[in-house]
Structures are given as structure tokens and as C-alpha cells.
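*Asks:* Just a sequence and a predicted model for now, questions to come.
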Amino acid sequence: MIANRFALITSSALDEQQRNELERRGAVVVSAARGNELANWLQEGRASAAIIRPDGTVMQASRHTPAICDAVPSFAGVPHIGDTSYTECSSPRLGLGGDR
């Protein structure tokens with residue numbers, strides 16, 4: 001479900017503007033219904049929302065859901081096989097390493 005992108009797990013309802021902005025940034029929203037495992041996890045952490053990085057690590061959590069929504073970074077992720085929404089581009093060599 002999250003697959004290689006940022007996720008916002010929240011036990012608070014998001015408005016349409018928040019959802020649209022998170023989608024624009026490439027994040028997925030996971031609603032934690034009252035009493036389920038995710039909602040309990042948030043509650044134990046004294047949070048109403050948490051940002052989960054693509055590697056599964058918690059980036060940030062808070063009781064102030066709008067601030068967490070604002071903190072979700074834009075992230076294009078890595079294209080999946082067959083995904084045509086990404087285009088390849090070439091980048092110049094960065095000159096790193098011993099190539100002098």
C-alpha cells in the first residue's frame with residue numbers, strides 16, 4: 001500500500017485540500033480508524049498523525065495533524081516496472097570521486 005513513498009498515518013480526518021496536497025507531494029494517506037492497531041499505535045505515541053518514510057522509519061509524529069501534513073516532503077519515489085508516469089532524464093556527471 002505504501003510502496004516506496006511517504007505515508008501519513010492519521011487518526012484525524014483530513015479535509016479535501018490536505019488530501020489533495022499530500023497526493024500532489026506523492027504521499028499516501030492511511031486512515032487509522034478508532035480502535036484499530038494503527039490508531040492504538042498513534043495513541044501510545046501520544047500522536048494523532050505520523051509521517052512514515054519510504055524505508056518504513058517514522059520521520060515525525062505529532063498531535064497537531066495540520067503541522068504534520070505541512071511537514072510531508074515532496075517525493076517522486078522510484079518508478080515501478082511498467083509505470084509510464086515517469087520519464088528518464090540524463091544528468092551530467094557530478095565529478096565525485098577520484099576522476100581528476
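*Replies:* Ah, there it is. Nothing here was measured: the structure is a model prediction, and the numbers come from that model.
*Asks:* Please make it C-alpha for all contacts and neighbour counts, starting now.
*Replies:* Fine.
*Asks:* So residue 69 sits against residue 20, correct?
*Replies:* No. Judged on Cα atoms under 8 Å, residue 69 makes no contact with residue 20 at a distance of 10.9 Å.
*Asks:* Looking at the two now, which is surrounded by more residues?
*Replies:* Neighbour totals were compared for residue 69 and residue 20, and residue 69 leads with 21 against 13 (other Cα atoms under 10 Å).
*Asks:* So that one: helix, strand or coil?
*Replies:* helix (DSSP: H, G, I helix; E, B strand; the rest coil).
*Asks:* measure it to residue 31 for me?
*Replies:* From residue 69 across to residue 31, the span is 13 Å (Cα to Cα, to the nearest Å).
*Asks:* so where do the strands sit in the protein?
*Replies:* For the chain, applying DSSP state E gives strands covering 7-10, 28-31, 49-52, 58-62.
*Asks:* and those as CSV, adding mean pLDDT, distance to residue 38 and mean neighbour count?
*Replies:* As requested, those are arranged in CSV below (pLDDT from 0 to 100; distance: least, Cα to Cα, whole Å; neighbours: other Cα atoms under 10 Å):
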stretch, mean pLDDT, distance to residue 38, mean neighbour count
strand 7-10, 96, 8, 24
strand 28-31, 94, 8, 18
strand 49-52, 96, 10, 25
strand 58-62, 96, 13, 16
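*Asks:* Let's see the pLDDT reported for residue 18.
*Replies:* Looking at residue 18, its pLDDT is 95.
*Asks:* That one - nearest residue in space that isn't next to it in sequence?
*Replies:* residue 69 (7.0 Å; Cα to Cα, 6 or more residues apart in numbering).
*Asks:* Contact partners for the one you found?
*Replies:* By Cα atoms under 8 Å, 6 or more residues apart in numbering, the contact set of residue 69 is 8, 18, 22.
*Asks:* Show me which of these is closest to residue 59.
*Replies:* Closest approach between the contacts of residue 69 and residue 59, by Cα to Cα: residue 8, at 10.0 Å.
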